[in-house]
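Engineer: What shape does this take:
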Amino acid sequence: MEVLKGMESVTAQCCVTSPPYFRLRDYGHAGQIGLESTPAEYVERLVEVFREVWRVLKDDGILWLNLGDSYSSCGKNRTEAQATAKTGLGGGVRTQCASLVQLSKLSKGLKPKDLIGIPWRVAFALQSDGWYLRQDIIWSKPNSMPESTRDRCSRSHEYIFMLTKRPRYYYDYEAVREPMTTRRASALNWCRDSKEGEVPGANNKQHRLERKDKQAGHGRRRGVGFRNKRDVWTVSTQPYTAAHFATFPPKLIEPCVLAGSRVGDLVIDPFSGAGTTGLVSVVHGRKYLGIELNPEYVAMSEARIEAATRQGVLF
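Structural biologist: Have a look, this model is predicted:
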């Protein structure tokens, strides 16, 4: 909050960030966000942070916000010692369940084993605070952590919310277009070559736009078509050897940076951690400002970004 308040208004084009999740990890820093006693307190603190992000962002800027959910209790016969494990940089404590406090202290209406719904609580609070909630993106993790639960499915996704200050904003859809499936691309090319054919499942306007894209060179080569990026992103989690246990995969951040900013724009991350947002931003020609409480993470970030800049690659 101190650093954000010291920044000039309307200077950053894009914010890509992932705050500490509610009562899942202790990063060992006084005043840290994430260990509030109730979901309402946690949501309120995040709203205050992103109110400053709103001020710092340009009017056509975008906020990409990654959040995971958590449960209201550890389950039967689970002791606090069993529910925690020392891990990560600086001996931080990671809790294996959502909370180690009594349910009565969490929030009214929460029952044992309830999914708290933290991501949507935060998203709706930001929406009420003035942000435009433009999209919920599903981060699908093919290599998600195994869970021992036998009374529900194992979790393998998180949310990325796309929020904006204004109804019109900068978004480069061409920078993140994705290849169509072979079957879909073949059908598209057949229709383009046929005066009578239409793209299956598309109206005439969509067909004309796709044909225009091809004429402009966006089709790349015959037999391969490109489509607007979908809202389910399948990206494997990626461990980082420097012991920070909550790092973004760079491939998850790339679409956010490429679609939400131009070369030379400023990208910010108020929860910088190991600096993955900065890593991706700098490699793609953006400026970066990250905010991080832990000086060890800051040093780690600087080393990663310097190495990536020198090599010109992400990993």
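Engineer: For this protein, give the strand that spans the most residues.
Structural biologist: Longest strand in the chain by number of residues (criterion: DSSP state E): strand 57-67.
Engineer: Now that one: buried residues?
Structural biologist: Neighbour counts over strand 57-67 (16 or more other Cβ atoms under 10 Å) mark 57-58, 61-67 as buried. C-beta: built from backbone N, CA, C; applies to glycine.
Engineer: Walk me through which strands it pairs with, and which way each runs.
Structural biologist: According to DSSP bridges, strand 57-67 forms sheet pairs with strand 12-17 (parallel), strand 157-164 (antiparallel).
Engineer: Any idea how far the longest one is from the middle of the chain?
Structural biologist: Averaging C-alpha positions (Cα atoms, centre = their mean, to the nearest Å) puts strand 157-164 6 Å from its chain's average.
Engineer: Now do the buried residues in that strand.
Structural biologist: 158-164.
Engineer: Can you tell me what sits against it?
Structural biologist: Strand 157-164 is contacted from outside by 60-69, 119-120, 122-123, 126-127, 131-141, 144, 233, 252, 256, using Cβ atoms under 8 Å, 6 or more residues apart in numbering.
Engineer: just so I know, which of the strands paired with strand 57-67 lies nearest residue 301?
Structural biologist: Residue 301 lies closest to strand 12-17 among the strands paired with strand 57-67, at 13.5 Å (Cβ to Cβ).
Engineer: Just the CA atoms of the closest one, as CSV, please.
Structural biologist: Provided in CSV are the C-alpha atoms of strand 12-17 (Å, rounded to 0.1, in the frame of the first residue of the first chain):
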residue,chain,number,x,y,z
ALA,A,12,0.5,1.6,-15.7
GLN,A,13,-1.1,-0.1,-18.6
CYS,A,14,-1.6,-3.6,-17.1
CYS,A,15,-1.5,-5.3,-13.7
VAL,A,16,-1.0,-9.1,-13.5
THR,A,17,-1.0,-10.5,-10.0
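Engineer: Give me the next element, helix or strand, following that strand.
Structural biologist: Where DSSP states H and E defines the elements, the next helix or strand beyond strand 12-17 is strand 25-26.
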